[in-house]
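> Below are the sequence and a predicted model for it; my questions follow.
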Amino acid sequence: MGGERISLSDKVSIYYNKIAGKVKAGLMNDIPPGLAYRRGEASPSLKEVEALSRRYTLSSILPYECYEDGVYYNRDSVGFMLLCMPATSLSPTELRVLNGIFNNNHKPNTIIQVSLYPDTNIEGILDSWYESKHNGGELFAEMFELMASNRRDYLSSAKWESLFSDQSLILRDFKLIISYTIPVQKGLSPVEVPKEEIDYLKRALDFEIK
């Protein structure tokens, strides 16, 4: 049977990807942290994290080879990410603008991924809210500070436990992440892709989103 011969470098790359995939599969857990917490499971201890870091390097887990000036250089592609604020609703005009992102002329095999990430780090938001609420003047300063402090502590408990017993209501800082990846021409290295081309794509996509 005929066919293309696989070079030694391709064999090494295939083997490396298999190993990296097994490492990622071993680290991933599909059970949401809040549900695991309610089941009585605890977060990994520092000892377990340190043991894991001795077995695997961080570079073997991350899917990109290097990062510079907002650009990720992968093994066979180049990409970037944009951090956006999610919207609770969109007008027809805004929907047409977003549709334009996907209807534009993109290179073949371009990947556009939209992710909604529920960040559990809500302390910064609550602290900012606390600082703006507890200042009620000298006469009621102590009372307002106590009320704001209690409210902040109450909302902080909703990181992993629902605020209500009859329904699930936990707090998250939602972030919208748009990743854009273009393949690299065969025979070229990802770092050989003109930086100007990547910057143009970033500016164009960022302009449409804003």
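Thanks, I have it.

> Nearest residue to residue 157 in space, please, no chain neighbours.
residue 163 (7.6 Å; Cβ to Cβ, 6 or more residues apart in numbering). C-beta: built from backbone N, CA, C; applies to glycine.

> and that neighbour, which of the three is it?
coil (DSSP: H, G, I helix; E, B strand; the rest coil).

> Correct me if wrong: it contacts residue 169.
Yes - Residue 163 is in contact with residue 169 according to Cβ atoms under 8 Å; the separation is 4.7 Å.

> So for the two, which sits in the more crowded spot?
residue 163 (13 against 10; other Cβ atoms under 10 Å).

> Just give the number of residues close to residue 181.
Residues near residue 181, counting by other Cβ under 10 Å: 18.

> same deal with residue 196?
8.

> and it, which of the three is it?
Going by three-state DSSP: residue 196 is helix.

> Check what contacts the longest strand anywhere in the chain and list those residues.
Taking DSSP state E as the criterion, the chain has its longest strand at strand 173-183. For strand 173-183, contacts defined as Cβ atoms under 8 Å, 6 or more residues apart in numbering pick out 72, 74, 76-86, 106-122, 125, 193, 201-202, 205, 209.

> Next step: the residues you listed restricted to strands.
Reading strands off those with DSSP E, I get 72, 77-84, 111-119.

> Mind giving me the PyMOL command for buried ones among the residues you listed?
Buried residues within the ones in strands among the contacts of strand 173-183, by 16 or more other Cβ atoms under 10 Å, are selected in PyMOL with:
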select buried, resi 72+77+78+79+80+81
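
> So which helix or strand of this protein has the lowest pLDDT on average?
helix 33-38 (a mean of 60; mean pLDDT, DSSP states H and E).

> domain ranges for the protein?
1-62, 64-209 (automatic domain parsing).

> quick one: which of the ones you listed has the weakest pLDDT on average?
When the domains of the chain are ranked by mean pLDDT, domain 1-62 comes last with a mean of 64.

> Helices of the chain, start to end?
8-27, 33-38, 46-55, 58-61, 92-103, 123-133, 137-156, 195-209 (DSSP state H).

> Mind exporting the C-alpha coordinates of the last one to CSV?
In other words, helix 195-209. Output of helix 195-209 as CSV, limited to C-alpha atoms (Å, rounded to 0.1, in the frame of the first residue of the first chain):
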residue,chain,number,x,y,z
LYS,A,195,3.9,40.1,13.4
GLU,A,196,2.1,42.8,11.4
GLU,A,197,-0.4,40.2,10.2
ILE,A,198,-1.3,39.1,13.7
ASP,A,199,-1.5,42.7,14.9
TYR,A,200,-3.9,43.6,12.1
LEU,A,201,-6.2,40.7,12.9
LYS,A,202,-6.2,41.6,16.6
ARG,A,203,-7.1,45.3,15.8
ALA,A,204,-9.8,44.3,13.4
LEU,A,205,-11.4,41.8,15.7
ASP,A,206,-11.1,44.1,18.7
PHE,A,207,-12.7,47.0,16.7
GLU,A,208,-15.7,44.9,15.7
ILE,A,209,-16.3,43.7,19.3
